[in-house]
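Novice: Prediction below, plus the sequence it came from.
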Amino acid sequence: MTKPVTVRQSMAWIHGWLGLLAGWLLFAMFLTGTASYFRPEITQWMQPEFRAKQVGAAQAAQTAMDHMQTVGADDIQWFIYLPDARTAVTRIFEQPSATAKGPRPAEIVLDPATGTPLAGRETRGGEHFYRFHFQLQLPHPWGRWLAGLCAMFMLAAILSGVITHKRIFADFFTLRWNKGQRSWLDAHNVSAVLALPYHAMITYTGLITLVAMYMPWPVMATYKAPLDFGAVAFGIPADRAATGVAAPLLPIGPMVAGAETVFGAPATRVVVRNPNDGASTVTVYRHPSASLNARGPSVTFSGSTGRELERSSDVGPALNTAGVMLGLHVAQYAGTGLRWAYFLLGLTGAVMVGTGLLLWTTKRRKPGAVPFFGLRLVERLNIAVIAGLPIGMAGYLLANRLVPASAVGRADTEVATMFWLWGAVAIAQLARSPQRAWIEGFALAAVAFAAIPLVNAATTDRGLAASLASGDLLFAGFDGAMLATAALFGVAAWIVAKKPEAKHRRPSHGQSRGVSHA
């Protein structure tokens, strides 16, 4: 008589297959999302022409306004992103009027102290990793939908994994080396249990940040138009149409300083609508580092009189909760130490997914037997993603230094380099045995990451030695992180190389190669 399937066995089956089906995308999302905790720093490294200057938000806003009055006085809107401790420059995006003549730059970069335009290489910087981790380089909204589906799989895999574990506390302390399948299981369990609260939090909050897109019906039932919801959720003030009556825009530095007094915290950005019109407004937003709630308040002033017009209203418990969820996910509130903790915990997520994928193949590989098609497919996809993606990410950083700074469309070239290199590795490894592909993939990743500080030193004046001598901790720390990453991949290649390569016996007469043992 067949024994009934227990709940734990059912959960184990669900856990394994959900992890496999979404595993490769989840690994990419974890790895690029983890890098995104330092996206301002990555952007600074990828624009070495800009050097950080500690300038107050009010001064940076005023110098930005002075510049925009000379180049875009008749614009519809200015979006001014102010510098802080993690960013080096003031960035401005303008919305020109319908009568504006000539092409306008996609972005205006200014020295925050003087308002002088700065010329630097075009790049997506750390923003590329951040956007990829939830959009997967797919057109809107399909990438976000796919990322959300993977996050749902991840959340179900976490819950089913907790139920499956009989010895969840003991697994926290168990890690056996060189034991084949047992070692991979231990590595998977330790990485999962060690950071279980983080994995559950980051997965759930990732879903919540886009829940209005996945489940739009409450918003549709409550608000007449999506913009009405946006006004409440993001502190967007009431729209005031231009009057057509000229009125000079007053200095906005004092307005920013006044808003910071209201916030009790620094400002992060300023939106100027209808500058030099009688209906002009200046909206100042609080910096997200001031609170766990990433959706901070705003204060709106009249641009022509300087009078405070309105403050963002209390959004209520639901949107406050959503703001806290977003804050927990993106960690903009976190200081340096906590951000590094997020980073290390994020790496455990990538390790957890990666070891889970490797465990799936290890459990199904029979000693001496020819692997069935499904096993070979999963094994090759594992190599393509786990070894190939880091190589592509290193290629993205190397392209930033090797593509001429003045090249047209160089930001797109950097991004394309990542995907072309990733694809090349994925295809090239098919010509090698799996073990050789792992060794060479890890070795190539080690060489690529080790090359980043060398190429940086050869192409800029901010190499590791110069950065250490000048106290440039950001550039020195970045190069140090790249060397540490290279060392980790080098060790991984050495460990794989020490293992004897598996030999497969020829199938006996009549043995089917296509039968899956999953």
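Specialist: It's in. Numbers count the residues shown, from 1 in each chain.

Novice: mind listing what Gln47 touches?
Specialist: 88, 120-121, 123, 125 (Cβ atoms under 8 Å, 6 or more residues apart in numbering). All C-beta spots, glycine's among them, are computed from the backbone N, C-alpha and C.

Novice: Repeat that for Arg39.
Specialist: Here Arg39 is in contact with 125-127, 129-130 (Cβ under 8 Å, 6+ apart).

Novice: just those residues now: which is nearest Glu94?
Specialist: Among these, Glu127 lies closest to Glu94 (Cβ to Cβ), at 18.7 Å.

Novice: so how many other residues sit close to that closest one?
Specialist: Each residue near Glu127 was counted by other Cβ atoms under 10 Å, and the total is 16.

Novice: could I get the contacts of Arg39 as CSV with pLDDT, distance to Asn382 and secondary structure?
Specialist: Converted to CSV, those look like this (pLDDT from 0 to 100; distance: Cβ to Cβ, whole Å; DSSP: H, G, I helix; E, B strand; the rest coil):
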residue, pLDDT, distance to Asn382, secondary structure
Gly125, 95, 29, coil
Gly126, 96, 27, helix
Glu127, 96, 28, helix
Phe129, 97, 21, helix
Tyr130, 96, 25, helix
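
Novice: Now render these as a markdown table, adding distance to Gln59.
Specialist: Shown next, in a markdown table, are the contacts of Arg39 (distance: Cβ to Cβ, whole Å):
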| residue | distance to Gln59 |
| --- | --- |
| Gly125 | 24 |
| Gly126 | 25 |
| Glu127 | 25 |
| Phe129 | 31 |
| Tyr130 | 28 |
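
Novice: Select only the buried ones of the residues you listed in ChimeraX?
Specialist: To isolate the buried ones among those in ChimeraX, judged by 16 or more other Cβ atoms under 10 Å, type:
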select :125,126,127,129,130
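
Novice: now Ala106: how far from Arg91?
Specialist: 11 Å (Cβ to Cβ, to the nearest Å).

Novice: Same drill for those two, tell me which one is more crowded.
Specialist: Arg91 (19 against 9).

Novice: What number of residues are in the vicinity of the nearest residue to that one once chain neighbours are set aside?
Specialist: Nearest non-adjacent residue to Arg91, counting by Cβ to Cβ, 6 or more residues apart in numbering: Tyr81, 4.4 Å away. Per other Cβ under 10 Å, the neighbour tally for Tyr81 reads 18.

Novice: quick one, what contacts Tyr81?
Specialist: Here Tyr81 is in contact with 87, 90-93, 268-269 (Cβ under 8 Å, 6+ apart).

Novice: Closest to Ala450 out of these?
Specialist: Thr87 (28.0 Å).

Novice: Disregarding flanking residues, what is the spatial nearest neighbour of that closest one?
Specialist: In space, Thr87 is closest to Pro40, 5.1 Å off (Cβ to Cβ, 6+ apart).

Novice: Buried residues of whatever helix or strand Phe478 lives in, list them for me.
Specialist: Using DSSP states H and E, Phe478 sits in helix 473-498. By neighbour count on 16+ other Cβ under 10 Å, the buried set for helix 473-498 is 474-476, 478-479, 481-483, 485-486, 488-490, 492-493, 496.

Novice: Same check on stretch 390-404?
Specialist: In stretch 390-404, counting by 16+ other Cβ under 10 Å, buried: 390-401, 403.

Novice: so where's the stretch 351-500 of the chain shaky on pLDDT?
Specialist: Confidence mapping of the stretch 351-500 of the chain against pLDDT under 70 gives the ranges 368.

Novice: related to what we said a few turns ago, what's the offset of the helix holding Phe478 from the middle of its chain?
Specialist: From the chain centre to the centre of helix 473-498 is a distance of 20 Å (Cα atoms, centre = their mean, to the nearest Å).

Novice: what do you get for stretch 333-341?
Specialist: That offset, for stretch 333-341, works out to 15 Å (Cα atoms, centre = their mean).

Novice: what's near enough to touch the residue lying closest to Ala322 once chain neighbours are set aside?
Specialist: Excluding the flanking residues, the one nearest Ala322 by Cβ to Cβ, 6+ apart is Ile208, at 6.3 Å. Applying Cβ under 8 Å, 6+ apart to Ile208 gives the contacts 322, 325-326, 329.

Novice: List the buried residues in the one helix or strand Ile208 maps to.
Specialist: Taking DSSP H and E as the definition, Ile208 sits inside helix 196-209. For helix 196-209, the neighbour count (16+ other Cβ under 10 Å) marks 196, 198-199, 202-209 as buried.

Novice: Can you show me the CA trace of it as CSV?
Specialist: Output in CSV follows, covering the C-alpha atoms of helix 196-209 (Å, rounded to 0.1, in the frame of the first residue of the first chain):
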residue,chain,number,x,y,z
LEU,A,196,15.7,34.2,6.5
PRO,A,197,14.1,37.4,7.9
TYR,A,198,15.9,39.5,5.3
HIS,A,199,14.9,37.2,2.5
ALA,A,200,11.3,37.2,3.5
MET,A,201,11.3,41.0,4.0
ILE,A,202,13.0,41.9,0.8
THR,A,203,10.8,39.6,-1.3
TYR,A,204,7.5,40.8,0.3
THR,A,205,8.4,44.5,0.2
GLY,A,206,9.5,44.1,-3.4
LEU,A,207,6.0,42.9,-4.3
ILE,A,208,4.4,45.6,-2.2
THR,A,209,6.3,48.4,-4.0
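
Novice: quick one: Ile158 and Ile202 touch, right?
Specialist: No: here Ile158 does not reach Ile202: they are 10.2 Å apart, not a contact under Cβ atoms under 8 Å.

Novice: picking up where we left off before, can you list which of the contacts of Tyr81 are found in strands?
Specialist: 90-93, 268-269 (DSSP state E).

Novice: quick one: buried residues of stretch 428-441?
Specialist: Quick answer for stretch 428-441 (16+ other Cβ under 10 Å): 429, 434, 437-441.

Novice: For the helix or strand Ala445 falls within, name the packing helices and strands.
Specialist: Ala445 is part of helix 434-459, with elements assigned from DSSP H and E. In terms of contacts (3 or more Cβ pairs under 8 Å, 6 or more residues apart in numbering; DSSP states H and E), helix 434-459 is packed against helix 373-382, helix 388-402, helix 464-470, helix 473-498.

Novice: angle of the longest one against helix 434-459?
Specialist: The directions of helix 473-498 and helix 434-459 differ by 160 degrees, with axes from the mean of the first three to the mean of the last three Cα atoms, to 10 degrees as the criterion.

Novice: Could you do the second one as well?
Specialist: Going by the same axes, to 10 degrees, helix 388-402 is angled at 20 degrees with respect to helix 434-459.

Novice: And the contacts of helix 388-402?
Specialist: Outside helix 388-402, the residues within contact range by Cβ under 8 Å, 6+ apart are 27-28, 31-32, 35, 45-46, 121, 123, 128-129, 413-415, 417-423, 425-426, 429, 441, 444-445, 448-449, 451-452, 455-456, 459-460, 482, 485, 489.

Novice: Alpha carbons of it, as CSV, please.
Specialist: Taking C-alpha atoms only, helix 388-402 is exported to CSV below (Å, rounded to 0.1, in the frame of the first residue of the first chain):
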residue,chain,number,x,y,z
GLY,A,388,28.0,34.5,-17.0
LEU,A,389,26.1,37.4,-15.3
PRO,A,390,29.0,38.5,-13.0
ILE,A,391,31.3,38.6,-16.1
GLY,A,392,28.7,40.7,-17.9
MET,A,393,28.5,43.1,-14.9
ALA,A,394,32.3,43.4,-14.9
GLY,A,395,32.2,44.1,-18.6
TYR,A,396,29.7,46.9,-18.0
LEU,A,397,32.2,48.6,-15.6
LEU,A,398,35.2,48.0,-17.9
ALA,A,399,33.3,49.4,-20.9
ASN,A,400,32.8,52.6,-18.9
ARG,A,401,36.6,53.1,-18.9
LEU,A,402,37.4,51.7,-22.3
